[in-house]
Every structure is written in C-alpha cells, then in structure tokens.
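Visitor: Just a sequence and a predicted model for now, questions to come.
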Amino acid sequence: MAAKKAIETFSKSLIEDVHKWGCFKQTGVSLRYMMEFGSKPSDKNLLISAQFLHKELAIRIARRAIELENLPCGLSHKPAILKVRDWYWDSFRDIRSFSEIKNMNDEKEFTEVIKAIKVRHNNVVPTMALGVQQLKKDLNPKIYKEDIVEIHQFLDRFYMSRIGIRMLIGQHVELHYPNPRPHVVGYIDTRMSPVEVARNASDDARAICCRQYGSAPDVHIYGDPDFTFPYVPAHLHLMVFELVKNSLRAVEERYMNSDKVSPPIRIIVADGLEDVTIKISDEGGGIPRSGLRKIFTYLYSTARNPLDEHTDLGVGDNVTMAGYGFGLPISRLYARYFGGDLQIISMEGYGTDAYLHLSRLGDSQEPLP
C-alpha cells in the first residue's frame, strides 16, 4: 500500500533512482575534519565540498525516503508522515536533477538548491511528532511491544540522519560567508566557551518559563568562563536549553503553591582530558524509576501536548515550555552525533541530575544510521 502511494505521487524512474541510491554506502565526517577542511574555504575546497554533498546527500536522503514508506502500525499512512515523506522525495529529486558540479558557477547554483532543501525541512521534527501523535490516538492497546521498539529505533535513525544532513548543508553554506571571528569555521567555534553557551541557553529557557508561569527559578553556573574547546555552539545551546527548560518546569510546578523560595538550578561545567561534562541539577521532585525508562522514548511526555491537528507549523520553531516529548531523545542524539552522550539520574522526592558528556577530541566519525 505505502509503495503504491509513492508510485501514484512520484514517477517510476524517480522511485527506481531512490532505491538505487538508498543502497549506496554513506560516508561519515568528523568534527575535526570539518574544522580543518573549512579553515581555508578556497574555491577548490568549496568545489570539492559541493561534489561530495551532491553524492552524499542523495544517499542519505534516499535512505530516509525508503524508510518512511515502510513503518510499522500504519505510521507511514498518517497525514503528517506523508507530508514529511514528500519533502524527502522532493529533496532527492532536486539533488538528482542537478547535473555534475564542474565549476564555481555550478557550485553556487548547487549551494542555493541545498539551502532551499534545508529550509524545506525546517519543520520535520514537529511534523513527525504530529504523525506519532496521530498514531498514538489510534493505537490499539494490543499493538506489539516489538512494533513500538521498531518505531523508536526508526525515529532515532531518522533524527540522527537529519542532524547530519543539516550539519553538512549548514557547514557548506556558512563557509561562503566571511566570518569576522577567525576562530569560527562555518558552524564550528574552535574556541567555544561552554559556560557562555550555558548562560545564553539558560537565559532563553528562563524567559520562556517567566512567560508561561510568571516567574522562573534562578540558574547558577559554576565553571571557568575562559575555558574553550572546539564544538558547535548551536548544538550545545539546544541541549542545555532543553535540559534547563525541563528543570525549570519541574521546580516551578513543585513550588508553585508553596511559601518556600524555589531552589536554584545548578549547572557545573567540568573540563576533563577526553570529555567536557556539563551537569544540570534541580530539586524539582525527581522522576519515579518506572518513568525513567520512558524519558528517552518518543511516545512519552509528562507534559500536556501542545500539538494538535490544527497546529500551525509554518512559523519557525514554536518553543513552548513543555514540548511534544521529543526534547530529551533528540538532545541525546545531538550529544552522540559528535561522540558524546546524555545521562539522566533522578532521586524521586528530591530532584534530577542530567549529565551531558561532550567529546573534546573531535575525531569521532558521525554515527551513520
């Protein structure tokens, strides 16, 4: 049925092309390689980068397009998932209809094509979340556990791949603009201060908390503000923002009707030889052990869901205090993308500690799903 749907929408030759490219091997890139390659964005390097992306993006997008056709429990047929599927097929067609990249004119045109693809995919996360929600509504309690596990594994692969695709496109596009700060290479800041990024992310999370609840607990940050290491500030901002937002909500809701002053959230930045670790601690009451197993699944959220069938996903990234249950699993994927990890340890009745491990060596390859 799913394959029939695709045949009705797309030409036979495109479908054959997607399946052919979906069989090719992906090529992972390390943070260090991106940094060294991008430090001298000459015409020759931009041309090599565009030629690499012309092939690599077609392979990665084809693999996801095929997977979107064959999901368990009828997830492939949900309206929101069909919309995402169409974005992937259209993007594959755009890349494949671009002939070889031989000179800088071709490179410029191709860069415009992939820029448009990145914009087209801006709302993939909330749209996929809406599809999962559409599935949850119809979910038969008899649905097998294996199907739930399969959906979860698919979403992990899908989002990890999306992080990689957006990183590769964004990095290539950014190299076209001269950066006033010589230590910034595309998306990568070779001298990123984790304390500074944590402060900005906490300020953003507190602003949203104030908007929703009228107040927000304090955030105290401990660590050397002068310590820097190479990383992608946008990725770290997203992860810290998500974790602090969760902590603020837990503390705010626990102390809402109390005379006590709500305790601050503490962020500790530790600089190790292999890892930079950021610990985010709150006294928001913690998570029961039975709930800890679920916090990294996509079919679970403790918050009321802000998405519904009529959610307007046309406006950038609508940030609410409590998301659609995808914040933690996606933050963990961002951490793992460059060889790090995210762990949550909780004491029910007291609070939660989140440990964000970031590899400071920068030489682990992208994990390619």
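Guide: Received it, and whenever you're ready, just let me know what you need. Residues are numbered from 1 along each chain as shown.
Visitor: Identify the residues contacting the closest residue to residue 164 other than its chain neighbours.
Guide: Nearest residue to residue 164, sequence neighbours excluded (C-beta to C-beta, 6 or more residues apart in numbering): residue 366, at 5.2 Å. In short, each C-beta sits where N, CA and C put it, glycine included. Residue 366 sits next to 28, 29, 30, 164, 167, 337, 338 when contact means C-beta atoms under 8 Å, 6 or more residues apart in numbering.
Visitor: could I get the residues you listed as a markdown table with distance to residue 262 and secondary structure?
Guide: Output for the contacts of residue 366, formatted as a markdown table (distance: C-beta to C-beta, whole Å; DSSP: H, G, I helix; E, B strand; the rest coil):
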| residue | distance to residue 262 | secondary structure |
| --- | --- | --- |
| 28 | 44 | coil |
| 29 | 43 | coil |
| 30 | 42 | strand |
| 164 | 39 | helix |
| 167 | 37 | helix |
| 337 | 33 | helix |
| 338 | 34 | coil |
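Visitor: Quick one, which of those are buried?
Guide: Buried members of the contacts of residue 366, scored by 16 or more other C-beta atoms under 10 Å, are 29, 30, 164, 167, 337, 338.
Visitor: coming back round to it: check the contacts of residue 366 against residue 82 and report the nearest one.
Guide: Residue 82 lies nearest to residue 164 out of the contacts of residue 366, by C-beta to C-beta, at 23.5 Å.
Visitor: wait, what's in contact with that closest one?
Guide: Residue 164 neighbours (C-beta under 8 Å, 6+ apart): 60, 337, 366, 368.
Visitor: Quick check: the two most widely separated of these?
Guide: Top of the distance list for the contacts of residue 164 (C-beta to C-beta): 60 and 337, 13.5 Å.
Visitor: Buried by neighbour count: which residues of stretch 22-42 qualify?
Guide: Residues of stretch 22-42 classed as buried by neighbour count (16+ other C-beta under 10 Å): 22, 29, 30, 31, 34, 35, 37, 38, 41.
Visitor: Which residue, other than its chain neighbours, is closest to the first one?
Guide: Among residues not flanking residue 22 along the chain, residue 62 sits closest, at 4.0 Å (C-beta to C-beta, 6+ apart).
Visitor: Specify the local secondary structure of the one you found.
Guide: Under DSSP: H, G, I helix; E, B strand; the rest coil, residue 62 falls in the helix class.
Visitor: Can you read off the backbone torsions of the residue sitting furthest away from the middle of the chain?
Guide: In terms of distance from the mean C-alpha position of the chain, residue 259 ranks first, at 38.4 Å (C-alpha atoms, centre = their mean). When read as degrees, to the nearest 10, the backbone of residue 259 gives phi -80, psi -20.
Visitor: same check, this time on residue 367
Guide: According to degrees, to the nearest 10, residue 367 has phi -80, psi 110.
Visitor: Same check on residue 159?
Guide: According to degrees, to the nearest 10, residue 159 has phi -70, psi -30.
Visitor: can you give me the helices for the stretch 51-200 of the chain?
Guide: Using DSSP state H, counting those that start in this stretch, the helices of the stretch 51-200 of the chain run over 79-96, 104-120, 124-138, 145-174, 194-213.
Visitor: In terms of mean pLDDT, which of the ones you listed ranks lowest?
Guide: Per-segment mean pLDDT for those reaches its minimum on helix 124-138, at a mean of 85.
Visitor: can you list the domains in the chain?
Guide: 2-182, 187-359 (automatic domain parsing).
Visitor: First-to-last residue distance for the shortest one?
Guide: Meaning domain 187-359. 17 Å (C-alpha to C-alpha, to the nearest Å).
Visitor: ok so, going back, relative to residue 129, which of the buried residues of stretch 22-42 is nearest.
Guide: Proximity of these to residue 129 (C-beta to C-beta) peaks at residue 22, which lies at 24.5 Å.
Visitor: What is the burial count for residue 117?
Guide: 21 (other C-beta atoms under 10 Å).
Visitor: Tell me which residues touch it, please.
Guide: 57, 91, 94, 95, 169.
Visitor: before we move on, the earlier item: in TSV: the contacts of residue 164, plus pLDDT and distance to residue 150.
Guide: Converted to TSV, these look like this (pLDDT from 0 to 100; distance: C-beta to C-beta, whole Å):
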residue	pLDDT	distance to residue 150
60	96	21
337	93	22
366	78	23
368	79	19
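Visitor: Let me know the closest of those to residue 274.
Guide: For these, the nearest to residue 274 is residue 337 (16.7 Å; C-beta to C-beta).
Visitor: contacting residues for the nearest residue to the closest one once chain neighbours are set aside?
Guide: With sequence-adjacent residues excluded and distances taken as C-beta to C-beta, 6+ apart, residue 337 is closest to residue 163, at 5.1 Å. Listed by C-beta under 8 Å, 6+ apart, the contact set of residue 163 reads 333, 334, 337.
Visitor: Any idea how many residues pack against the second one?
Guide: Burial of residue 334, expressed as a neighbour count using other C-beta under 10 Å, amounts to 23.
Visitor: which outside residues touch stretch 244-259?
Guide: Outside stretch 244-259, the residues that reach it (C-beta under 8 Å, 6+ apart) are 201-202, 205-206, 208-209, 213, 215-217, 219, 261-263, 265, 267, 280-285, 303, 321-322, 327-328, 351-352, 354.
Visitor: buried ones in stretch 80-100?
Guide: Buried, per 16+ other C-beta under 10 Å, within stretch 80-100: 80-96, 98.
Visitor: Check stretch 100-108 too.
Guide: Going by neighbour count (16+ other C-beta under 10 Å), the buried part of stretch 100-108 is 101, 106, 107.
Visitor: how about the strands of the stretch 251-369 of the chain, start to end?
Guide: Using DSSP state E, counting those that start in this stretch, the strands of the stretch 251-369 of the chain run over 265-271, 275-282, 341-347, 351-359.
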